[in-house]
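In: need a structure here:
(one chain, ligands or ions: 1)
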Amino acid sequence: MATWLITGAGRGIGLELARQLRGRGDDVIGTVRDADKAGALRELGARVELVDVADPSAIDALGERMRGQAIDVLVNNAGIGRFGGAVKDLTSEELHRYMAVNAIGPILVVRALLPCLRAGERRTIASITSLMGSIADNGSGGAYGYRASKAALNMLNASLALELRGEGFTCLVLNPGWVKTDMGGARAPTPVDVSVRGLLAVIDGASPEVTGRFFDHDGKSLPW
Ligand SMILES: NC(=O)c1ccc[n+]([C@@H]2O[C@H](COP(=O)([O-])OP(=O)(O)OC[C@H]3O[C@@H](n4cnc5c(N)ncnc54)[C@H](OP(=O)(O)O)[C@@H]3O)[C@@H](O)[C@H]2O)c1
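Out: Purely as a prediction, here's the structure:
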């Protein structure tokens, strides 16, 4: 039995992660932004913590509340996405928002929870990125803020993996596929339970030898 902390666990991939982990008896601490949206998470028997990952002081407060407690696996899942768009339509505010939620938030969550992760047995950090953050795979362009923020998340993870390698950490970035959630939309080919089963198999099967790598939910290695 392990203790997992999952950000953005009130719906979508985060909630399904909580559901499958609780189903196998693991402890889950799920974060939401709005306590009113934590009903499904509470029904699973998960502990609920409030945090907006775009708010550094809220992340620090989460770190304070977690002080002295061990976390085995952190899943940086919370994210925002909207696709399409041409360069003429970009705004500074939108670009900053993507960076704040999808890239800066996750690394600040790691910073805040590092003592808890050091106290855990698995020392694993899995950040949910996207194939859209792959420069090598970018064949259609657009989605500037989303693509750039996920590429930044990938690079933050690469440095994190190197820094924590000596302590036996496994730091991964994982693509969940195109998943039927609010973000993925109804046309997405991958049901959320299938994506999450794959993600959990990759996380459970990972060891420090693969720290810093970028994997698909089926375990395939992805191009940067
Ligand atoms: N679905 C896909 O096809 C797909 C593909 C590639 C990657 N991903 C990645 O997978 C992750 C989960 O996506 P999803 O499909 O489950 O999306 P989703 O259904 O839109 O859920 C997004 C989750 O992130 C939370 N969130 C958003 N902004 C936040 C903030 N500022 N602070 C804290 N939580 C915040 C949301 O909470 P609220 O309910 O409070 O808004 C929600 O729980 C994301 O990182 C996404 O980029 C998804």
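In: from here on, just use CA atoms for contacts and neighbour counts.
Out: OK.
In: quick one: residue 122 from the ligand, how far?
Out: Distance, residue 122 to the ligand, using Cα to the nearest ligand atom, to the nearest Å: 22 Å.
In: again, but for residue 39
Out: 12 Å.
In: give me phi/psi at the closest residue to that residue other than its chain neighbours?
Out: Take residue 39 and drop its neighbours on the chain: the residue closest to it by Cα to Cα, 6 or more residues apart in numbering is residue 10, 8.0 Å away. Backbone torsions for residue 10, taken as degrees, to the nearest 10, come to phi -80, psi -20.
In: residue 10 against residue 42, yeah?
Out: No - if you go by Cα atoms under 8 Å, residue 10 and residue 42 don't touch, sitting 9.4 Å apart.
In: those two - which one has more neighbours?
Out: Neighbour count, other Cα atoms under 10 Å: between residue 10 and residue 42, residue 10 has more, with 26 against 14.
In: can you tell me how far that one is from the ligand?
Out: From residue 10 over to the ligand (counting by Cα to the nearest ligand atom), the distance is 5 Å.
In: tell me the contacts of that residue?
Out: 30, 31, 32, 37, 38, 39, 40, 41 (Cα atoms under 8 Å, 6 or more residues apart in numbering).
In: would you reformat those as TSV and include secondary structure?
Out: Output for those, formatted as TSV (DSSP: H, G, I helix; E, B strand; the rest coil):
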residue	secondary structure
30	strand
31	strand
32	strand
37	helix
38	coil
39	helix
40	helix
41	helix
